[in-house]
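**Student:** 3D model of this:
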Amino acid sequence: MAKNKTQTTDANVEDFIITFADTEQKKQDSFELIELMKSISGHEPKMHGTSIVGFGNYHYKYDSGHEGDAPLIGFSPRKSAISLYVFTGYLGHPEQEGLLKDLGKFKMGKACIYVNKLSDINQDVLKKLMKSTIEFLQTKYGKN
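**Tutor:** Alright, predicted model coming up:
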């Protein structure tokens, strides 16, 4: 079975942001996201793999037998956009689908949200999305 690429590492989060984020705006947004996600999750930031800043942890196991660990919420200041891992991706999660309508300017992936800059989205809605995601994941997979 393939090894999960997003395992928690001891890499320094601040060093990662400084070297990886390619614009001053992304660096500023990244440090703002760290404070926001830390306050919502109650967890310190940790590197997951080489490019994801994650908060908290949960262990998942799919019906296929694939299992692993992932952050409850997180982000990555990628070159094209900031990837926000704050959405469960489960269709039929009515609360989250409703929140997306009021989030602001973003693009959607399967289970992540892409934003150019933090000011493009409503941070109150982002906070609700994060809380909803954490609650959903802890209910589905248990608290770690």
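**Student:** OK, contacts around V53?
**Tutor:** Applying C-beta atoms under 8 Å, 6 or more residues apart in numbering, one finds that V53 lies in contact with 13, 16-17, 30, 33-34, 37, 45-47, 74-76. Any C-beta I mention is one placed from the backbone N, CA and C, and that applies to glycine too.
**Student:** List just the nearest of these to E135.
**Tutor:** For those, the closest approach to E135 (C-beta to C-beta) belongs to M37, at 14.8 Å.
**Student:** separation between the closest one and Y60?
**Tutor:** When C-beta to C-beta, to the nearest Å is applied, the distance between M37 and Y60 equals 19 Å.
**Student:** Specify which residue of the two has the higher count of neighbours.
**Tutor:** Just comparing M37 and Y60: by other C-beta atoms under 10 Å the higher neighbour count belongs to M37, 29 against 13.
**Student:** buried sites along the host helix or strand of E14?
**Tutor:** According to DSSP states H and E, E14 maps onto helix 13-20. Within helix 13-20, the residues scored as buried using 16 or more other C-beta atoms under 10 Å are 13, 16-17, 20.
**Student:** Determine how far that helix lies from the middle of the whole chain.
**Tutor:** Taking C-alpha atoms, centre = their mean, to the nearest Å, one finds the center of helix 13-20 at 16 Å from the center of the full chain.
**Student:** what residues does that helix touch?
**Tutor:** Applying C-beta under 8 Å, 6+ apart, the set of residues contacting helix 13-20 from outside is 27, 30-31, 34, 45-47, 51, 53, 77.
**Student:** then it to CSV, C-alphas only?
**Tutor:** This file holds the C-alpha atoms of helix 13-20, laid out as CSV (Å, rounded to 0.1, in the frame of the first residue of the first chain):
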residue,chain,number,x,y,z
VAL,A,13,6.2,26.2,9.8
GLU,A,14,7.5,29.8,9.8
ASP,A,15,10.6,28.9,7.8
PHE,A,16,8.3,27.1,5.3
ILE,A,17,6.1,30.2,4.8
ILE,A,18,9.0,32.5,4.4
THR,A,19,10.7,30.3,1.8
PHE,A,20,7.6,28.8,0.0
